[in-house]
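Undergrad: Here you go, sequence then predicted model.
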Amino acid sequence: MDRFLSIEAFVRVAETSNFAKAARQLGVTSSVVTHRIQQLEKFVNAPLFHRTTRHVRLSDVGEAFYRECAEVVGRVNELTDQMRELRATPTGRLRIQMLPGFALGHFGALLAEFNRRYPGIQLDVIVNDRVVDPIEEGFDVAFQIFPAISDSLIERRLFTVRRLFCAAPAYLHAHGAPQHPRDLLEHTTALYSGYPSRNRWTMTRSEEVIEMDLPGMIRSNSVHLLRDYALTGGGIVCLPTLVASASLLDGSLVPLLVDYSLSTMDFAAVYPETQRQGLKVKALVEFLAGELGPEPAWDVPLIERGWVK
C-alpha cells in the first residue's frame, strides 16, 4: 500500500463527500479510490466513512483522522512545490473559475502576458458567475466577488469592485435623468440578478441612507448584456465599473446619481487550504495582484472625475 496515495484519496473523498468526484480530481477511476480507502481502513483497523447509496460521511474515527491527514497532504504538496520552485519554473495544468465581468475585456490580455512569463502552466478557464466551493468542484482557484462559502477556504483580495447607475444620452434625452435614487422607480431599469440583496437596494450620501425595492424591468446574470442594452438607449442600468468604464469615458454612457454611493465588493481569489503554497496558484494570484495594482486602471479616471469613490 502506498500510504500517501491512500491518505490523499481519503482527504479528497472527505472534502467532496463523493468517491467519483474525488477520483476525477485525482485523475484515476472510482475503483482505484475505493481500493485505496479500503487499504487505509484496513491499515488503521477502523471504518473511515459511513456509506449509503446516496451519502458518504466521515465516521468518528474518520473525522479525527481527517484533520491530521489534510495537514499532511497540504504540507507534502507545499514541500514539493518549494523544491520545484528551487529547481525550475512552475509547470502543469491549472483549473480555474473566472467571473464573466472580469474574464471578458480584461483577463484575456493578462493571460497573454502570464503565458509568456510562465510557459509551463496550462490553464483550463471556466467562465461563470456562480459562487463555488473549489474543493467540491475540482478547481485549483476560483475568482469571485462574493465571500467564500467555507471557512476552510483561503481568500485573497485583489481589487475593489465599484458600481454605478448609468444610461445612454439618447435615453436621458427622451426621459430625463433621475435626481434622487427614488426617481429610478419611474424609469425603465435593467439590473444584475445575482446580488445577494436581490431587489433590495441601499444608497448613501453623507448621513442620508436610501433603502428601496427596485425590481427592474429586465434582470440578467450577464453584466455585458446589461451594458449592451443600455448602449441602445433601452433604459438605466447598474454596472460594475470594470465593465462600464470605457463606455463612460467615451461618453456613450452617462454616470447617474454620482453623489450617492452603492456598496462595494471585493474581487478575490478563493482556493483550498491545501493550495496555500501551491506554486501554480501562487504564480497566478501574485501575477494578477502585481498587474492590477492597488487601484485597477479602469477605476482611476472615474475616481479622478468624482464619479466613484
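TA: Nice, I can see it. Residues are numbered from 1 along each chain as shown.

Undergrad: Relative to D129, how far out is the closest residue to S17 other than its chain neighbours?
TA: Sequence neighbours aside, V56 is the residue nearest to S17 in space, at 5.1 Å (criterion: C-beta to C-beta, 6 or more residues apart in numbering). Backbone N, C-alpha and C define where each C-beta goes, glycine included. Here the distance between V56 and D129 works out to 29 Å (C-beta to C-beta, to the nearest Å).

Undergrad: just V32 next, same as before
TA: With C-beta to C-beta as the criterion, V32 and D129 are 34 Å apart.

Undergrad: higher neighbour count, these two?
TA: Legend: neighbour count by other C-beta atoms under 10 Å for V32 and D129, higher for D129 (19 against 15).

Undergrad: how far away is the more buried one from Q38?
TA: Here D129 is placed at a distance of 40 Å from Q38 (C-beta to C-beta).

Undergrad: Equivalent analysis for E113, please.
TA: Taken as C-beta to C-beta, the span from E113 to Q38 is 47 Å.

Undergrad: just Y192 next, same as before
TA: Going from Y192 to Q38 by C-beta to C-beta gives 48 Å.

Undergrad: which one of the two has more residues nearby?
TA: Between Y192 and Q38, Y192 has the larger neighbour count (other C-beta under 10 Å), namely 21 against 13.

Undergrad: Can you name the residues that contact the more buried one?
TA: Contact analysis of Y192 by C-beta atoms under 8 Å, 6 or more residues apart in numbering lists 219-221, 223, 226, 238-239.

Undergrad: If it is in a bridge, with which residues?
TA: Per DSSP bridges, the residues bridged to Y192 are S220.

Undergrad: I'd like to know how far it sits from D129.
TA: 9 Å.

Undergrad: shared neighbours of those two, which are they?
TA: Contacts common to Y192 and D129, judged by C-beta under 8 Å, 6+ apart, are N221.

Undergrad: show me where the stretch 51-200 of the chain has helices.
TA: Secondary structure of the stretch 51-200 of the chain, counting by DSSP state H, counting those that start in this stretch: helices at 60-87, 100-102, 108-117, 134-137, 169-175.

Undergrad: Which strands or helices does the second one pack on?
TA: Think helix 100-102. In terms of contacts (3 or more C-beta pairs under 8 Å, 6 or more residues apart in numbering; DSSP states H and E), helix 100-102 is packed against helix 223-231, helix 241-249.

Undergrad: Quick one: distance of it to the chain centre.
TA: 10 Å (C-alpha atoms, centre = their mean, to the nearest Å).

Undergrad: Repeat that for the last one.
TA: Distance of helix 169-175 from its chain centroid, counting by C-alpha atoms, centre = their mean, is 35 Å.

Undergrad: in it, what's buried?
TA: 171-172 (16 or more other C-beta atoms under 10 Å).

Undergrad: which residues touch the residue nearest to S17?
TA: Taking C-beta under 8 Å, 6+ apart, we find V56 in contact with 13, 17-19, 49-50.

Undergrad: how about stretch 63-70 as PDB, C-alpha atoms only?
TA: Extracted in PDB, the C-alpha atoms of stretch 63-70 (Å, rounded to 0.1, in the frame of the first residue of the first chain):
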ATOM      1  CA  GLU A  63     -13.200  13.000  11.400                       C
ATOM      2  CA  ALA A  64     -10.300  12.800  13.800                       C
ATOM      3  CA  PHE A  65      -8.100  11.300  11.200                       C
ATOM      4  CA  TYR A  66      -9.000  13.800   8.500                       C
ATOM      5  CA  ARG A  67      -7.700  16.900  10.400                       C
ATOM      6  CA  GLU A  68      -4.200  15.300  10.600                       C
ATOM      7  CA  CYS A  69      -4.300  13.900   7.100                       C
ATOM      8  CA  ALA A  70      -5.300  17.200   5.500                       C
END
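
Undergrad: who's in contact with it?
TA: With contact meaning C-beta under 8 Å, 6+ apart, stretch 63-70 is reached by 7, 10-11, 14-15, 44, 48, 58, 273-274.

Undergrad: Recalculate using a threshold of 7 Å.
TA: Stretch 63-70 is contacted by residues 7, 10-11, 14, 44, 48, 58, 274 when judged by C-beta atoms under 7 Å, 6 or more residues apart in numbering.

Undergrad: Ends of stretch 176-189, what's the gap?
TA: Separation of the first and last residues of stretch 176-189 by C-alpha to C-alpha, to the nearest Å is 13 Å.

Undergrad: now it: how far from the chain's centre is it?
TA: Worked out by C-alpha atoms, centre = their mean, stretch 176-189 lies 31 Å from the chain centre.

Undergrad: can you pull the buried residues of that stretch?
TA: By neighbour count on 16+ other C-beta under 10 Å, the buried set for stretch 176-189 is 177-178, 181, 184, 187-189.
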